[in-house]
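> sequence first, then the predicted structure, then my questions.
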Amino acid sequence: MSVYANARALRRGRSSELGRVYSITVVCYRRTPIFRQFQAARIVVSAMRELSSQTSTLCYVVMPDHVHWLMKLELNKPIEAYVQALKSCVTRKIHKKNLYAGKVWARGFHDRAIRRESEILPVARYIVMNPLRAGIVGRLGDYPHWDAVWL
């Protein structure tokens with residue numbers, strides 16, 4: 001199956017529901033650890049903060065080769081619009097600062113609608129604990145590229 005066919009399959013059946021919370025994962029092209037560079041990771045953090053004016057970002061973590069984002073749709077826009085805004089903003093700024101010259105993002109993204117209120121906090125904990133599980137840091141407080149509304 002081609003990469004394009006895989007991207008189409010990811011979109012099949014996807015819907016965006018106003019007021020719904022979604023867990024979104026966006027991966028770097030070929031899992032290149034672009035965000036291992038501090039400045040590149042901070043560009044993602046800045047973009048996430050910019051997008052928070054359009055939707056409710058509950059939490060996020062920027063890993064070396066991917067981003068996890070828990071957000072609530074506040075405007076009647078599809079999830080794809082937010083992901084595209086994140087990807088284009090980050091790509092533009094990374095290229096402008098000459099931090100990376102190649103393709104930044106893999107095609108598509110993964111999303112999961114959170115159906116029950118009781119699932120939100122466990123999903124948020126899972127997201128922000130990624131740096132610990134990956135062995136990047138020994139304490140979450142030592143990792144600078146995450147945020148959560150519960151702090």
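It's in.

> buried stuff in stretch 18-37?
Buried residues in stretch 18-37, counted by 16 or more other Cβ atoms under 10 Å: 21-24, 26-28, 32, 34-35. Every C-beta, even on glycine, is put in place using the N, C-alpha and C of the backbone.

> can you pull the contacts of the closest residue to residue 130 other than its chain neighbours?
The spatially closest residue to residue 130, leaving aside those adjacent along the chain, is residue 61, at 5.0 Å (Cβ to Cβ, 6 or more residues apart in numbering). When contacts are counted by Cβ atoms under 8 Å, 6 or more residues apart in numbering, residue 61 is found next to 67-68, 127-128, 130-131, 143, 145-146.

> still on that earlier bit, could the buried residues of stretch 18-37 go into JSON lines alongside pLDDT and distance to residue 111?
Converted to JSON lines, those look like this (pLDDT from 0 to 100; distance: Cβ to Cβ, whole Å):
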{"residue": "21", "pLDDT": "95", "distance to residue 111": "11"}
{"residue": "22", "pLDDT": "96", "distance to residue 111": "5"}
{"residue": "23", "pLDDT": "97", "distance to residue 111": "7"}
{"residue": "24", "pLDDT": "97", "distance to residue 111": "5"}
{"residue": "26", "pLDDT": "98", "distance to residue 111": "10"}
{"residue": "27", "pLDDT": "98", "distance to residue 111": "12"}
{"residue": "28", "pLDDT": "98", "distance to residue 111": "17"}
{"residue": "32", "pLDDT": "97", "distance to residue 111": "22"}
{"residue": "34", "pLDDT": "98", "distance to residue 111": "21"}
{"residue": "35", "pLDDT": "98", "distance to residue 111": "20"}
